[in-house]
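Undergrad: here is my input, please return the structure:
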Amino acid sequence: MSNKKQPEWPHDIKEKIMEDIKNKRIRMKSPFIFIAQKLGLESALVTTIIAGALLVSVIFYFLKKTSVLKFLNLGASGLKIFILSLPYDFIAFFIITIILAIYLANKIKLSRGQYLRADFFAVYFFLITLALGLFFGIMGAGRFSKNWTKSNLPRDEAVQGRIKVFSDQEVVIEDEGGNITTVFMDKPYPAGLKINYVSGKVFRAIGWRDKQDDNLFHAQRIRCCDDN
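TA: A predicted model of the protein is given here:
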């Protein structure tokens, strides 16, 4: 048999802990504090999800209002204009809500002794907010941002506006800000369109703005003539 001495433990651990509590060296938190923290985290998570969904509805409203998606029909240069025109401020806020939601969800999981995979939750959060954002968009929630979601077209490379004057080589348009621009087309537009047909319709063009006159634009690629 081994003659090694066993380590000496406190005579009564429970008694020592109770003595520490009594002497206020250990303070027990009320269970109501844990419940309040849990409810607070869950409420913050729900609020973050709703905020993310509202941001999605604003982005959808921006795309619908500005019609920048229609520039995609103009090839690679149209894709460039579309990317440059996106509302990156709202997109940045949406990314922040994703990060905040992952943080809050992880705190809730850790409080339950569970581990959260951030990549999976990010996908779930995106799908949930996308679905809610579409619902909010259908309900018209994005309209509250109509004064913020203005066109971000790079004006030196693209124009978009409603037709005031139209000919086979020259178009005068008015943008949403009331600015008048005369667009010269490199190639004559196919004949057959009458001014009483195209007047008021939307004209889009990609090219470059005249350096001598800011109200003149030279179009290389055009799209005509949409109702919106």
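Undergrad: helices and strands around the helix ranked longest in the chain, which ones?
TA: Counting by DSSP state H, the longest helix found in the chain is helix 31-66. The contact analysis (3 or more CB pairs under 8 Å, 6 or more residues apart in numbering; DSSP states H and E) places helix 31-66 against helix 88-111, helix 118-138. To be clear about C-beta, it is placed using only N, CA and C from the backbone, and glycine gets the same treatment.
Undergrad: relative to helix 88-111, how tilted is it?
TA: On the basis of axes from the mean of the first three to the mean of the last three CA atoms, to 10 degrees, helix 31-66 is oriented at 160 degrees to helix 88-111.
Undergrad: what residues of helix 31-66 count as buried?
TA: 41, 44-45, 48-49, 51-63, 65-66 (16 or more other CB atoms under 10 Å).
Undergrad: give me the element residue 219 is part of.
TA: Remark: residue 219 resides in strand 216-226, with elements defined by DSSP states H and E.
Undergrad: ugh, wrong one, I meant residue 203
TA: Taking DSSP H and E as the criterion, residue 203 maps to strand 202-209.
Undergrad: and the helices and strands packed on helix 31-66: which comes nearest residue 171?
TA: Residue 171 lies closest to helix 88-111 among those, at 29.9 Å (CB to CB).
Undergrad: gap between the residue nearest the centre of the chain and residue 85?
TA: Closest residue to the average C-alpha location of the chain: residue 91 at 3.0 Å, with CA atoms, centre = their mean. Separation of residue 91 from residue 85 (CB to CB, to the nearest Å) stands at 12 Å.
Undergrad: repeat for residue 162
TA: Residue 162 is 18 Å from residue 85, by CB to CB.
Undergrad: fine by me, we can end here.
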